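**Q** sequence first, then the predicted structure, then my questions.
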Amino acid sequence: MKILILGSGGREHALAWAIAQNPKCDSLICAPGNAGMAALATCAPLDIENPAAVLAFAQENAVDFVVIGPERPLAAGVADALRGGRILCFGPTADAARLEASKAFTKEICDACAAPTAAYARFTDATAAREYVRGQGAPIVIKADGLAAGKGVVVAMTLPEAEAAIDDMFDGAFGDAGTEVVIEEFMQGEEASFFVLSDGQNILPIGTAQDHKRAYDGDKGPNTGGMGAYSPAPVMDDAVTKRAMDQIIAPTISEMAGRGSPFRGVLYAGFMIEHGQPRLVEYNVRFGDPECQVLCMRLGGQMLDLLLATARGELDKAQVNWADDHAVCVVMAAKGYPGSYAKGSEIKGLDCADADPMVQIFHAGTRVDGEQVRANGGRVLGVTARGATLQQAQQRAYAYVGKIDWPDGFYRKDIAWRAL
Ligand code: AMP
Ligand code: GLY
């Protein structure tokens, strides 16, 4: 098969690595890709948020299967265009992608199927929203309804913070994403992510993970896209997983199907778990990054079979072969991230893990410059290792982080420590 992966981050490099191992993959194109993907695939420039351009590219290149990595192309209707053009693809329609693209829509779905989640109210007007938070008190959570690259959520510990967040959002801090605001009850507990594939009807769990959103050790500093992750997440034990499936995931999938908008793709649920009871924090309609890196590390080449079964509506025939292992990903980011940072510094030692099948150095923000690889983003690398135990995976990941020669980067030194 000729396969096209859309995206340019660590998530897409990990998918490319897993897919390239599967004998069904004869040829791989990544658009736009990055320096890491260039070693496995042909990288092609393409406006991946333009559905017509993606369809035309897939047709011109006789692509058999398209895997859509990020949320923005999904919300823009790239999967709809590909399906319309009879090209097999992995990823939900724009309508079903509202489970991520609209927080108010997700709340509506939870209401309709009685899925446990935070109590909430929706607003299109700052005055009413401010009045509501004064009535509720802090802590309270303020969310821009639409896609805001993971930045549209403010967990306000005080009322002035909450009111400032409301004003920011209605003043356009997140553009159109903030024309509606969802205000939620603050939930306590431990967070975990749960990944399931669905072909619209059947559901197949493919793993759990926990990420580390804060920039610095000890969960301090500003929020980021994720500074590291580990899988599995011990808090998602069998009992919690069963409740999550029965009370949240299965009802959501059947509610979407009942509305004539079946969800086909990966549903990434963020839960808050307290006293063994999961409650939904949010849905994403794509793999998490860096969570995808640990999932791909654990699943390997079977990932392609699972994605194909999802796209073909044959998940009832698919199964996951678990290795009973653990994986840890340590993100190396440019100094200054998530604030302003410099691009272009050289990274050396990237071949240090070439001989170790238990480790992969996934590229998130890199570019090739002649013989050199240069940093080209905030999150730059994901050093991802497997192990028979979480501790082994963690030690292995950090051993290789230490071999990478990149003075302009930084990383957290405590990824997975909480679980250990
Ligand atoms: P999100 O972008 O929706 O994942 O939110 C970012 C982070 O904000 C989550 O990972 C949680 O840590 C936190 N968060 C979101 N909603 C709530 C809530 N209702 N209660 C407590 N924390 C929340
Ligand atoms: N790591 C969080 C996300 O991908 O949304």
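**A** Yep, it's here. Numbers count the residues shown, from 1 in each chain. Ligands and ions are numbered 1, 2, ... in the order given.
**Q** mind listing what residue 321 touches?
**A** By Cβ atoms under 8 Å, 6 or more residues apart in numbering, the contact set of residue 321 is residue 302. For glycine as for every other residue, the C-beta is placed from the backbone atoms N, C-alpha and C.
**Q** next, it: phi, psi?
**A** phi -100, psi 100 (degrees, to the nearest 10).
**Q** go on, residue 393?
**A** According to degrees, to the nearest 10, residue 393 has phi -60, psi -40.
**Q** burial count for it?
**A** Per other Cβ atoms under 10 Å, the neighbour tally for residue 393 reads 27.
**Q** go on, the one 10 residues further on?
**A** Applying other Cβ under 10 Å, we find 15 other residues in the vicinity of residue 403.
**Q** for residue 126, same thing?
**A** 16.
**Q** excluding chain neighbours, what is closest to it?
**A** residue 170 (4.2 Å; Cβ to Cβ, 6 or more residues apart in numbering).
**Q** next, the contact list for that neighbour, please.
**A** For residue 170, the contacting residues are 125-126, 129, 178-179, 181, by Cβ under 8 Å, 6+ apart.
**Q** equivalent analysis for residue 185, please.
**A** 118-120, 136, 140-141.
**Q** can you flag which of the residues you listed belong to strands?
**A** Those of the contacts of residue 185 mapping onto strands are 120, 140-141, per DSSP state E.
**Q** so how far is residue 380 from residue 345?
**A** Taking Cβ to Cβ, to the nearest Å as the measure, residue 345 falls 9 Å from residue 380.
**Q** and the two? Which one has more around it.
**A** In this view residue 345 and residue 380 are compared by other Cβ under 10 Å, and residue 380 has more residues nearby, 29 against 16.
**Q** what's the pLDDT at the closest residue to the more buried one other than its chain neighbours?
**A** Leaving aside its sequence neighbours, residue 380 sits nearest to residue 365 (Cβ to Cβ, 6+ apart; 4.7 Å). At residue 365, the model reports a pLDDT of 94.
**Q** quick one: neighbours of the residue nearest to residue 47 when sequence neighbours are not counted, just the number.
**A** For residue 47, ignoring the flanking residues on the chain, the nearest one in space by Cβ to Cβ, 6+ apart is residue 53 at 5.0 Å. By the criterion of other Cβ under 10 Å, residue 53 has 15 neighbours.
**Q** can you pull the residues of this protein lying near ligand 2?
**A** Within the chain, the positions adjacent to ligand 2 are 150, 211, 225-226, 284, 288-289, 291 by Cβ under 6 Å from any ligand atom.
**Q** dump these to JSON lines, plus secondary structure and neighbour count.
**A** Below are the residues of the chain next to ligand 2 laid out as JSON lines (DSSP: H, G, I helix; E, B strand; the rest coil; neighbours: other Cβ atoms under 10 Å):
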{"residue": "150", "secondary structure": "coil", "neighbour count": "16"}
{"residue": "211", "secondary structure": "strand", "neighbour count": "25"}
{"residue": "225", "secondary structure": "coil", "neighbour count": "21"}
{"residue": "226", "secondary structure": "coil", "neighbour count": "24"}
{"residue": "284", "secondary structure": "strand", "neighbour count": "21"}
{"residue": "288", "secondary structure": "coil", "neighbour count": "22"}
{"residue": "289", "secondary structure": "coil", "neighbour count": "27"}
{"residue": "291", "secondary structure": "helix", "neighbour count": "27"}
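**Q** which of those residues lies closest to ligand 1?
**A** Using Cβ to the nearest ligand atom, residue 150 comes nearest to ligand 1 of the residues of the chain next to ligand 2, at 5.5 Å.
**Q** which non-adjacent residue is nearest the closest one?
**A** In space, residue 150 is closest to residue 225, 5.5 Å off (Cβ to Cβ, 6+ apart).
**Q** spit out the contact partners of that neighbour.
**A** Taking Cβ under 8 Å, 6+ apart, one finds 149-150, 213, 289, 338, 378-379 in contact with residue 225.
**Q** what about the strands in the stretch 201-350 of the chain?
**A** 203-211, 214-216, 220-223, 228-231, 264-274, 277-284, 326-334, 346-347 (DSSP state E, counting those that start in this stretch).
**Q** re earlier: wait, the residue nearest to residue 380 touches residue 374, no?
**A** No. Counting by Cβ atoms under 8 Å, residue 365 sits too far from residue 374 to count as a contact (9.7 Å).
**Q** of these two, who's got more company?
**A** Neighbour count, other Cβ under 10 Å: between residue 365 and residue 374, residue 365 has more, with 23 against 17.
**Q** for the most centrally placed residue in the chain, which non-adjacent residue is closest in space?
**A** Taking Cα atoms, centre = their mean, the centroid of the chain lies closest to residue 288, which sits 1.5 Å from it. Computed as Cβ to Cβ, 6+ apart, the closest residue to residue 288 that is not its neighbour in sequence is residue 268, at 5.3 Å.
**Q** residue 206 too?
**A** residue 195 (5.1 Å).
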